[in-house]
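# Dropping a prediction and its sequence here:
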Amino acid sequence: MTKAILVHQTGGAEVLRFEDHAVGTPGPGQVALRQTAIGLNFIDTYQRSGLYPVQTPFVAGNEGAGVITALGAGVDYFKIGDRVVYQGQIGAYATERLAAVDRMVPIPDSIDDQTAAAILLKGLTAYYLLFQTWPVAKGETILWHAAAGGTGLIATQWAKALGATVIGTAGSDDKTALAKAHGCDHVINYNTEDFAARVREITDGRGVDVVYDGVGKTTFDKSLDCLRPRGLLASFGNASGVVSVPDITVLARKGSLYVTRPTGAHYLGQRAELLEGARLLFGAVARGAIKVQVNHTFPLADVADAHRALESRQTTGSVVLIP
């Protein structure tokens with residue numbers, strides 16, 4: 001028996017229940033983990049609220065790190081005692097769990113468990129956005145919304161290392177200062193400035209090559225106004241609400257623009273893709289191109305407080321739950 005956070009019905013943070021939960025033994029292609037750190041991500045709140053439907057009851061959470069304690073049949077490239085990290089496997093909010101081995105990534109000796117749990121999902125999101133959705137080239141100019149968030153702090157540093165000019169947005173003076181210290185050439189407080197007008201000013205009227213937007217509803221329309229002709233808006237999150245585009249001709253009027261809604265399932269679905277992204281991510285951390293900010297930790301039992309802090313945008317950097 002382990003302790004886990006279960007969701008019996010979708011809703012607000014109050015539906016997260018800290019309960020006893022049976023783990024069982026690993027089946028074919030599975031491992032058992034004793035978890036040491038759990039990453040908190042916006043997708044956790046979307047599943048909890050029902051925005052992303054999951055059959056209830058379920059153990060919440062999608063990212064964690066820990067030590068393998070048992071192997072199922074057919075598992076031959078890990079051994080008991082190995083340190084591993086994973087993302088994209090619901091059921092992470094637990095002290096122990098079973099998980100599919102093909103989504104496990106070995107943790108390098110240079111990376112501690114909290115860092116691994118804090119960065120894998122966010123870092124792999126940054127990876128496919130910067131390297132695949134729009135492969136950022138030296139000399140390009142990008143706009144990244146919520147640049148002081150967990151994904152934003154990783155991505156802006158990485159984009160800067162790739163040679164891009166990085167414009168970030170954030171919602172307070174403290175957050176703009178944090179983003180400026182982590183790779184942004186320019187930072188805009190979107191609560192006090194018109195970010196579209198400011199982007200045009202920074203780029204001498206040209207606009208940016210690509211906008212990466214995890215905020216959603218409140219930033220989408222003006223993000224289109226930040227793009228150069230034939231630029232791309234990559235909308236990858238809904239922190240402020242879901243985006244709708246009732247009139248697609250707006251893309252023509254604003255410059256024959258492109259819009260995409262990428263997800264990790266379609267960029268990291270194959271194990272080789274997962275491992276390549278992790279290799280580049282851990283390599284960037286090891287050589288100092290990405291400095292990881294774990295700015296908040298919560299006991300697993302207090303996960304409701306962590307969800308409230310994340311949803312009210314009171315957090316910066318990454319948030320880690322301690323089992």
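Everything's here; your move.

# which parts of the strand or helix carrying Ser318 are buried?
Using DSSP states H and E, Ser318 falls within strand 318-322. Within strand 318-322, the residues scored as buried using 16 or more other CB atoms under 10 Å are Ser318, Val319, Val320, Leu321. C-beta coordinates here come from the backbone N, C-alpha and C atoms, glycine included.

# Please name every helix or strand in contact with that strand.
Contacts defined by 3 or more CB pairs under 8 Å, 6 or more residues apart in numbering; DSSP states H and E place strand 318-322 against strand 30-39, helix 113-128, helix 150-161, strand 294-299, helix 303-311.

# go with 10 Å
Counting contacts by 3 or more CB pairs under 10 Å, 6 or more residues apart in numbering; DSSP states H and E, strand 318-322 packs against strand 30-39, strand 63-71, helix 113-128, helix 150-161, strand 294-299, helix 303-311.

# before we move on, the earlier item: and of the buried residues of strand 318-322, the nearest to Thr10?
Leu321 (19.7 Å; CB to CB).

# and the closest residue to that closest one other than its chain neighbours, what is it in contact with?
Closest residue to Leu321 apart from its sequence neighbours, by CB to CB, 6 or more residues apart in numbering: Ile38 at 4.1 Å. Contacts for Ile38 (CB atoms under 10 Å, 6 or more residues apart in numbering) come out as 5, 44, 60-66, 92-95, 97, 113-114, 117-118, 298, 300, 303, 306, 319-323.

# Please repeat the previous calculation with a cut-off of 8 Å.
Applying CB atoms under 8 Å, 6 or more residues apart in numbering, we find Ile38 in contact with Gly61, Glu63, Gly64, Ala65, Ala92, Tyr93, Ala117, Leu300, Val320, Leu321, Ile322, Pro323.

# Kindly report the same for Ser172.
Counting by CB under 8 Å, 6+ apart, Ser172 has contacts Asn189, Asn191.

# May I have the distance across stretch 208-222, first residue to last?
Using CA to CA, to the nearest Å, the end-to-end distance of stretch 208-222 comes to 12 Å.

# Stretch 216-235 too?
Stretch 216-235: ends 7 Å apart by CA to CA.

# Tell me the buried residues in that stretch?
Under the neighbour-count criterion of 16+ other CB under 10 Å, stretch 216-235 has 216, 219-220, 222-228, 231-235 buried.

# So which of these belong to helices?
Phe220, Lys222, Ser223, Leu224 (DSSP state H).

# Can you tell me how far the second one is from Val136?
Computed with CB to CB, to the nearest Å, the distance linking Lys222 and Val136 is 21 Å.

# same deal with the last one?
Here the criterion is CB to CB. By it, Leu224 lies 19 Å from Val136.

# so how many other residues sit close to Lys180?
Lys180 has 17 neighbours, counted by other CB atoms under 10 Å.

# do Ala137 as well
Count around Ala137 with other CB under 10 Å applied: 10.

# now it, what's its secondary structure?
Three-state call for Ala137 (DSSP: H, G, I helix; E, B strand; the rest coil): coil.

# can you put the helices and strands packed on strand 318-322 in CSV and add mean pLDDT and distance to Arg103?
Shown next, in CSV, are the helices and strands packed on strand 318-322 (pLDDT from 0 to 100; distance: least, CB to CB, whole Å):
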stretch, mean pLDDT, distance to Arg103
strand 30-39, 97, 10
strand 63-71, 98, 11
helix 113-128, 96, 10
helix 150-161, 95, 19
strand 294-299, 93, 22
helix 303-311, 96, 22
